[in-house]
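Chemist: for reference, the sequence and a predicted model appear below.
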Amino acid sequence: MFLYRCHAQHHERLSVPALFLCLGMTVTSMRTAAAQELDPRAYTAAPIGVNFLVIAGGRSTGGVVVDPSLQIDDVEATIDSVGIGLGRTVDLFGRTALILAVVPYAWGDVSGSVGEESRRVTRSGLADPRVKLSVNLIGGRALTPREFAGAARPTIVGVSLAVAPPLGQYTGAKLINLGANRWAFKPEIGVSHALGRWTIEGYSGVVLFTTNREFYTGASVREQASVVALQAHVSYTLRRQLWAAFDATWYSGGTTTVNGTEKADLQRNSRVGATLSFPVGRRQSIKFSGSTGATTRIGADFHTFGAAWQLTWFD
């Protein structure tokens, strides 16, 4: 997401989404991270031909990285992460589309109990990268920056697909990993409607997982059911290029099966958070975000804080 000033008859606010609001959750190997995302203004209007570079950092504390199918209790973790991402808006069959990619690096400390034995481990390395393509289908006609500056801001309906390939650090001999050793996909539909300074948004998606055939001990097969995820955001533009948002998400599903045995680890959780974005000069912005578990059955009892710097430019 960025805010940028157009030099036209009216100074208009441009917004492009990114995947860095909850970077600490992103590096939890997307077991349920995509379901836990809080990403305001992900489907707002933008012109084509905009590029951006993002450098982001985050910290998550609590029960962050534990796989619910593992018998680990009393988890306490601190995960720090940094990531670099690139994005570009393009014309896709006459509609505005956005291509995003992020590569995260994480390091952390995790403690917990396995049976009657207490353990503590540290990890550092690359987590699974993320790639996302989104297209605004309704209200998202592809416009140049000059055309966009004078255009109305209609209600937008968009779709997206996020993909996490299994390229992060992983070994089946370890209980805790930064990568997931499987593919994950998240198709999503989103609606964004502006009411003066207010923007109201709702997204609905599902996270799909392939099979991990080198699960713990390296000889187990782990499968996971899909996770249904809903997001809602209400944001307010304080002035040009300065806005704040309240964010909420609810997700359910994700029951795992290991070697044919189904685990009692159905997730049905909710999270709430807030985001503040403000400009730094004409082509840069800084964003701060935070979130915490609101209701937790399994897997969402942690706090996340993040910050991201973004540079934008036109061709």
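Modeler: Perfect, I can see it now.

Chemist: quick one: residue 100 is in a strand?
Modeler: Yes: looking at residue 100 with DSSP: H, G, I helix; E, B strand; the rest coil, it is inside a strand.

Chemist: these two touch, right, it and residue 160?
Modeler: No: counting by Cβ atoms under 8 Å, residue 100 does not reach residue 160; the two are 9.2 Å apart. Backbone N, C-alpha and C define where each C-beta goes, glycine included.

Chemist: need the residues touching each of the two.
Modeler: Residues touching both residue 100 and residue 160 (Cβ atoms under 8 Å, 6 or more residues apart in numbering) are 132-134.

Chemist: pLDDT, secondary structure and neighbour count added to those residues, as JSON lines?
Modeler: Below are those laid out as JSON lines (pLDDT from 0 to 100; DSSP: H, G, I helix; E, B strand; the rest coil; neighbours: other Cβ atoms under 10 Å):
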{"residue": "132", "pLDDT": "95", "secondary structure": "strand", "neighbour count": "24"}
{"residue": "133", "pLDDT": "96", "secondary structure": "strand", "neighbour count": "16"}
{"residue": "134", "pLDDT": "95", "secondary structure": "strand", "neighbour count": "23"}
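
Chemist: would you list those in JSON lines and tack on distance to residue 171?
Modeler: Compiled in JSON lines, the shared contacts of residue 100 and residue 160 are given as follows (distance: Cβ to Cβ, whole Å):
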{"residue": "132", "distance to residue 171": "27"}
{"residue": "133", "distance to residue 171": "31"}
{"residue": "134", "distance to residue 171": "33"}
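
Chemist: straight-line length of stretch 57-76, end to end?
Modeler: 20 Å (Cα to Cα, to the nearest Å).

Chemist: low-confidence stretches in this protein?
Modeler: 1-35, 63-74, 114-116, 218, 297-300 (pLDDT under 70).

Chemist: helices of that one, residue ranges please.
Modeler: 23-26, 33-36, 145-149 (DSSP state H).

Chemist: kindly state the beta-bridge partners for residue 133.
Modeler: Here residue 133 shows beta-bridge partners residue 99, residue 161, assigned using DSSP bridges.

Chemist: give the contact list for it.
Modeler: 97-100, 160-161.

Chemist: and the residues you listed, which are buried?
Modeler: 97-98, 100, 160 (16 or more other Cβ atoms under 10 Å).
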